[in-house]
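Novice: everything below, folded, please.
(2 chains)
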Amino acid sequence: MTATYAKTAASTVELTSGRSRDRSWGSILFVFGLWFSLFFGVLVLLVLIADTLIEGSPRLDRELLTNYSSTLNPETTGFRAGILGSVWVMIATAAMAVPLGILAALHLEEFADRTRWYNRFIEVNLQNLAAVPSVVYGLLAVAFVELMGIRERGLVISGAVALSLLVLPVIIITTREAVRAVPREIRDGSLALGATKWQTTWRQTLPSAVPGIATGTILGLSRAIGEAAPLLMIGTATAIRFDPNGLMSQFTALPLEIYSSTSQPQEAFRVAAAAAIIVLLIMILGLNALAIFIRNKFSRTW
Amino acid sequence: MPTNPSTTTTSVAADESVNSFATIASGSMREAPLAPPEPVMEAWGLNVFYNDFHAVHDVNLSFGKNEITALIGPSGCGKSTVLRCLNRMNDLVMGARVEGRVEYHGKNIYSKGVDPIAVRTQIGMVFQKPNPFPKSIYDNIAYGPRVTGMKVENMDDLVEEALQGAALWDEVKDKLKQSAYGLSGGQQQRLCIARTIATKPDVILMDEPCSALDPIATARIEDLMHGMRTDYTIIIVTHNMQQAARVSDRTAFFTARPDETTGNRTGLLVEYDATSTIFSNPNDKRTEDYISGRFG
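Specialist: Got it, this is the predicted structure:
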C-alpha cells in the first residue's frame, strides 16, 4: 500500500517537473516556420488586394461600369465592353462546356468499360489535360474555329471555344468525382426495381450528384473568367467601343481591357485598371460564393 | 444408423455433397430431401467466377412457390453471390461470369435474348443496408412503377397498397411527401420492401435484410415476411441462424472450401432441406457443426 503510494507520488513529480519537450527550441522554431509559410502566401495576397483597393477606390463609380474605354478622357474611361464581353463569353462557355463535360464524365464513370486500354488511356490523360497551359488551348481554339469555317478573328464564339477547351478537363474530373460519390446502393436499388441503366443514371445518379457537379463547374468557370492568354491567341481586341450582341459578335474581355489599360502612360488609366481588377475579383468571388452556397445548401450525407 | 459417406473424408465429401439433391440423399436414412412441391426458381450447376476467382461451385437448388427459403453459412461461402445470380444483379459486377442455368418458371434467365431488366421486374431484391432513394416516401414507392412503365390507374392507391403490404402505412400516411431519409432504419428497410412490392414481383430476394437493424425492427420485418409468404416467393440470405429457423420453410447451408493451390475460398452448397430438418437433424457433419456453433 505504502509502496504504491510512493510510486504514484514519484511519477506525479516527474510529470510536472522540468520543461515540456514540446516547448523545446526545435519545436518552437518548427511552429514558427509553419506560421511563416502560411503568412507569406496569405500576406502577399492581402497586401496586393489592399493596395489595389486603395489605388482603385477613387474610380469605383458608375462610369467605370457604364462607359466604354476612352483614350481621350482617361478620368472617365470605363470597362463596359469588357464586362459585357466577359459575361457573354462565360455564358457561351458554360453552355458549351457544361453539357459536354457532364456527359463525358457520365460515360467514363457509368458506362465505359474500365478494362479497355483506351478508356484507361483517356482517364490518365484527362489529368494531364487539366495541367496544359492555357495558351495551348488558345492555339487549339484558333485551329478549331478555322475548321468551323469562321474567318473573322476575336468573336465571342471563338473565345467560348477556347475557354471551353480550357475548363472541360476540370469539369469532367469534378463531375466524375461527384458521380463516384453517389453510393453504389442507390444504383443497385434502382436497377433491382427493373430500371434501365439510362433511367438509373438520369433519375438517381445525376440528380444526387448535382451539388458536386455545380460546385466543380462554377469553380472551373471562375478560373476561365480571369484568363487572358487564350483570348489573345484567338485575336480578341483589347479595346472596343460597342456591346457584343451575339455569338458572332466581336468582343473584348475584362482581363484584356485591364491589361491594355495598365500599358497606357497616364496615371488615370492605372487607377481605372485597379478599379476594374476589383470588379473582376468581385465577379470571381461571387461565383465562388455561389459554389459554396450550392455545396452547403444541397450537399447530402448518405 | 447408416453413416453418411460425405462425413467420412472432407475432401471427397465436398465434391459429393454438392452434386445434387440425389447425391445428398443417397447416403441418407431419409427419402430424398424435401424438394419444394411447386418450384418457382431452380438453379442447375450454377458456377460463379469473378475474373479468375471461382466464387461459387456447382450449386443446385430449387425454390418453392409461396415458401421462404433461407440461405445460410459462414462469411465468404457465396450465399449472397448465389442470391444475386437469381435476378442477374451479378451482371453489374465487373468481371463476373455465371455458368449453369437459373430457371424461372422453367425458363433459363441466362439464355440468350432474356432481358435482365425484365427479369428484375419479376424478381425483386431488398438489400443489406436500407437504401431508400433521396426522394419523398411517395416517390420512393412510385419510382419502380414509373420506370418500368407499369399501367397504373391510380398511383395513390398503389402507393397505399404497397405501404400496407409492408406494414408501414400507418406510420407514414401523414408524411408521404417527406424525405425517406427522415425514417428510422427499420422503417427505411420496410420502405424498401414496399418499394419492391409496388412493382408487383413474383419472387423477392432479400440479402441479409435485418443485419443493419435492431432486434425490434428485425422482429417487425420477420413478422412482415410471414405475412408476405401468401403472395410472394421469398429467398433470404441471412447470417443469423435463429432468423433462418424462425422465418424459413427450407434452408440451404453453404460453406467455403479453400483452394489447395491459391487459398481462395470457393463457396459450395452442403445441404438443403426443410428448415426443421436442418436445425434438428442435419444430414451433414459440417451443417451440424455450424448449427451448433462449432464453427463459422
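Novice: what about residue 93, neighbour count?
Specialist: Unless you meant another one, I'm taking chain A. 25 (other Cβ atoms under 10 Å in any protein chain shown). Placement of C-beta: from N, CA and C, glycine included.
Novice: that's the wrong chain, I wanted chain B
Specialist: Neighbours around B:V93, by other Cβ under 10 Å: 13.
Novice: for it, give me its contacts.
Specialist: By Cβ atoms under 8 Å, 6 or more residues apart in numbering or on different chains, the contact set of B:V93 is B:50, B:84.
Novice: rerun that using 10 Å as the cut-off
Specialist: Neighbour list for B:V93: B:48, B:50, B:55, B:81, B:84 [criterion: Cβ atoms under 10 Å, 6 or more residues apart in numbering or on different chains].
Novice: biggest separation within those residues, which pair?
Specialist: B:Y50 and B:R84 (11.5 Å; Cβ to Cβ).
Novice: which residues do the two both contact?
Specialist: Listed as contacting both B:Y50 and B:R84 by Cβ under 10 Å, 6+ apart are B:90, B:93, B:96.
Novice: all helices for the stretch 1-150 of chain B, in order.
Specialist: Per DSSP state H, counting those that start in this stretch, the stretch 1-150 of chain B carries helices over the ranges B:10-19, B:21-26, B:79-85, B:116-122, B:137-148.
Novice: one more: the stretch 51-200 of chain A?
Specialist: A:62-66, A:80-106, A:117-130, A:134-147, A:156-180, A:184-192, A:197-200.
Novice: do me a favour and get the end-to-end distance for stretch B:122-136?
Specialist: End-to-end span of stretch B:122-136 (Cα to Cα, to the nearest Å): 24 Å.
Novice: how about a markdown table for the contacts of B:V93, with pLDDT, distance to B:Q187 and neighbour count added?
Specialist: Output for the contacts of B:V93, formatted as a markdown table (pLDDT from 0 to 100; distance: Cβ to Cβ, whole Å; neighbours: other Cβ atoms under 10 Å in any protein chain shown):
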| residue | pLDDT | distance to B:Q187 | neighbour count |
| --- | --- | --- | --- |
| B:V48 | 93 | 33 | 24 |
| B:Y50 | 90 | 34 | 16 |
| B:A55 | 91 | 33 | 25 |
| B:T81 | 93 | 29 | 23 |
| B:R84 | 93 | 25 | 23 |
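Novice: keep only these that also lie close to chain A.
Specialist: B:R84 (Cβ under 10 Å from any Cβ of the partner chain).
Novice: list just the nearest of the contacts of B:V93 to A:N125.
Specialist: B:Y50 (28.9 Å).
Novice: any idea what the closest one is bridged to?
Specialist: Counting by DSSP bridges, B:Y50 forms beta bridges with B:F53, B:A96.
Novice: tell me the contacts of it?
Specialist: By Cβ under 10 Å, 6+ apart, the residues touching B:Y50 are B:56, B:81, B:90, B:93-97, B:264.
Novice: quick one: buried ones out of those residues?
Specialist: Taking 16 or more other Cβ atoms under 10 Å in any protein chain shown as the criterion, what is buried in the contacts of B:Y50 is B:56, B:81, B:90, B:96.
Novice: ok, the last one to B:V56 distance?
Specialist: With the distance defined as Cβ to Cβ, to the nearest Å, B:A96 ends up 11 Å from B:V56.
Novice: before we move on, what about the third one?
Specialist: As for B:N90, its distance to B:V56 is 10 Å (criterion: Cβ to Cβ).
Novice: what does chain A put close to chain B?
Specialist: Contact residues, chain A versus chain B (Cβ under 10 Å from any Cβ): A:113-115, A:182-200, A:202-204, A:207-208, A:300-302.
Novice: could you report the neighbour count for the residue lying closest to B:G78 once chain neighbours are set aside?
Specialist: In space, B:G78 comes closest to B:G267 once its chain neighbours are excluded; the distance is 2.2 Å by Cβ to Cβ, 6 or more residues apart in numbering or on different chains. B:G267: 25 surrounding residues under other Cβ under 10 Å.
Novice: cool, A:Y118 as well?
Specialist: 9.
Novice: torsion angles phi and psi at B:N66?
Specialist: Here is the backbone geometry of B:N66 (degrees, to the nearest 10): phi 50, psi 30.
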